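K.L.:
need the 3D shape of this:
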Amino acid sequence: MNKDQLFAFAQHITPQKLLSRCIGRIAECETDFVKDTFIKHFVSKYKVDMSEAIENNPFAYRNFNDFFTRAIKPELRPITEEKNAIACPADGAVSQIGDIEYGTIMQAKGHSYSLTTLLGGDADLSNRFLGGKFATIYLSPKDYHRVHMPLDGKLIKMIHIPGKLFSVNKVTAEQIPSVFAKNERTVCLFDTEAGPMAVILVGAMIVASIETIWAGQVTPFSKHVMTWDYDQLNQVNLKKGEEMGRFKLGSTAIVLFGKDAINWEASLAADTPTSMGMQLGTTTI
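P.N.:
Next up is the predicted model:
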């Protein structure tokens, strides 16, 4: 057993949710000694660039979670204004990007997973994206951890899907099959100029919670799949580049589009660095 296999095996036997909830409590602690010690270690270990933050004093934040989800200076993440351009939803790196083929999505070399399973078993929803496109963006610990809209969109549905909390880094993606379709996640379905668009926020080990701007904290929520439908009485309309959610301790965002709706930028491939707001592709509709 090599070190990557050992890392994956350790995640199977780790009490994922208990560990994540305990870390979550620490991350909410407002005691100066606790939060400042935690933040100082994190900034040093991951080489966090605090000059990008609106509040660049790491110890000025109320707790670790506030520091982790810190706002950055808007001028440092301009939103692409090219005609028909799709904006990247998050800082990080491309994990995988490409076509949804035969109802499956590539996770890593040698691994793919079911689109329907990713979407909580909703076959009707899955059908909207058959033959379409996907992009998976991995947010590393040092990255900006707010997720923004790739296009103008009207929220149609939100689904919370309980699950595991495996790590979602490159090693885990290469070692644990269907990890994104196993982990706890929140599916946000939008109607856009390019037709249906899903932005899926995937939880991971140590992730204390996932939040959306319209519902607040969504995870941890329930042991069962939960669905919220949005209609004329509770409309949520967001512009391209607007914040739509955030991770309290980082993870992965997956974007889905329907068949013949968009094209990804040809230069994008696995491990390509991303910045929120950069051009990820163009609409064709």
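K.L.:
need the CA coordinates for stretch 241-250. CSV is fine.
P.N.:
Only the C-alpha atoms of stretch 241-250 are listed here, as CSV (Å, rounded to 0.1, in the frame of the first residue of the first chain):
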residue,chain,number,x,y,z
GLY,A,241,-20.2,37.6,-10.6
GLU,A,242,-22.5,38.0,-7.5
GLU,A,243,-21.8,35.9,-4.5
MET,A,244,-24.1,32.9,-4.3
GLY,A,245,-22.5,30.8,-1.5
ARG,A,246,-19.5,30.0,0.6
PHE,A,247,-17.6,27.2,2.3
LYS,A,248,-16.5,27.3,5.9
LEU,A,249,-13.3,25.4,5.3
GLY,A,250,-12.9,24.7,1.6
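K.L.:
avg pLDDT for that stretch?
P.N.:
On average, the pLDDT along stretch 241-250 is 86.
K.L.:
residues contacting that stretch, please?
P.N.:
Contacting residues not belonging to stretch 241-250 are listed as 23-24, 27, 65, 68-69, 79, 87, 89, 139-141, 143, 145-149, 186, 188, 199, 201, 204, 206-213, 238, 277 [CB atoms under 8 Å, 6 or more residues apart in numbering]. Any C-beta I mention is one placed from the backbone N, CA and C, and that applies to glycine too.
K.L.:
one more: stretch 52-62?
P.N.:
Contacts of stretch 52-62 (CB under 8 Å, 6+ apart): 30, 32, 35-36, 39-40, 43, 48, 50, 67, 70-73, 76, 144.
K.L.:
quick one: buried ones out of the contacts of stretch 241-250?
P.N.:
Among those, those buried by neighbour count (16 or more other CB atoms under 10 Å) are 23-24, 27, 65, 68-69, 79, 87, 89, 139, 143, 145-149, 186, 188, 199, 201, 204, 206-212, 238, 277.
K.L.:
which ones among those lie within strands?
P.N.:
87, 146-148, 186, 188, 199, 201, 209-212, 238 (DSSP state E).
K.L.:
now for the residues you listed: which two are most distant?
P.N.:
The span of these, defined through CB to CB, is set by A87 and S209 at 24.5 Å.
K.L.:
give me the buried subset of the contacts of stretch 52-62.
P.N.:
Taking 16+ other CB under 10 Å as the criterion, what is buried in the contacts of stretch 52-62 is K35, I39, V43, V48, F67, R70, I72, Y144.
K.L.:
name the helices or strands packed onto the longest helix seen in the chain?
P.N.:
Across the chain, the longest stretch assigned as helix under DSSP state H is helix 32-46. Applying 3 or more CB pairs under 8 Å, 6 or more residues apart in numbering; DSSP states H and E, one finds that helix 32-46 contacts helix 16-27, helix 64-68.
K.L.:
tell me which residues are up against that helix.
P.N.:
With contacts defined as CB under 8 Å, 6+ apart, helix 32-46 is touched by 26-27, 29, 48, 50, 58-59, 61-64, 67-68, 140-142.
K.L.:
what about 6 Å?
P.N.:
For helix 32-46, contacts defined as CB atoms under 6 Å, 6 or more residues apart in numbering pick out C29, P58, F59, N63, F64, F67, P141, K142.
K.L.:
show me which of those are buried.
P.N.:
Burial by neighbour count, 16+ other CB under 10 Å: within those this picks out P58, N63, F64, F67, K142.
K.L.:
now, the most widely separated pair of those?
P.N.:
Among those, N63 and K142 lie farthest apart (CB to CB), at 18.6 Å.
K.L.:
in contact with A215, which residues?
P.N.:
With CB under 6 Å, 6+ apart, A215 has no contacts at all.
K.L.:
redo that, cut-off 10 Å
P.N.:
Contact partners of A215, counting by CB atoms under 10 Å, 6 or more residues apart in numbering, are L155, M158, H160, T186, C188, F221, W228, Y230, V236, G245.
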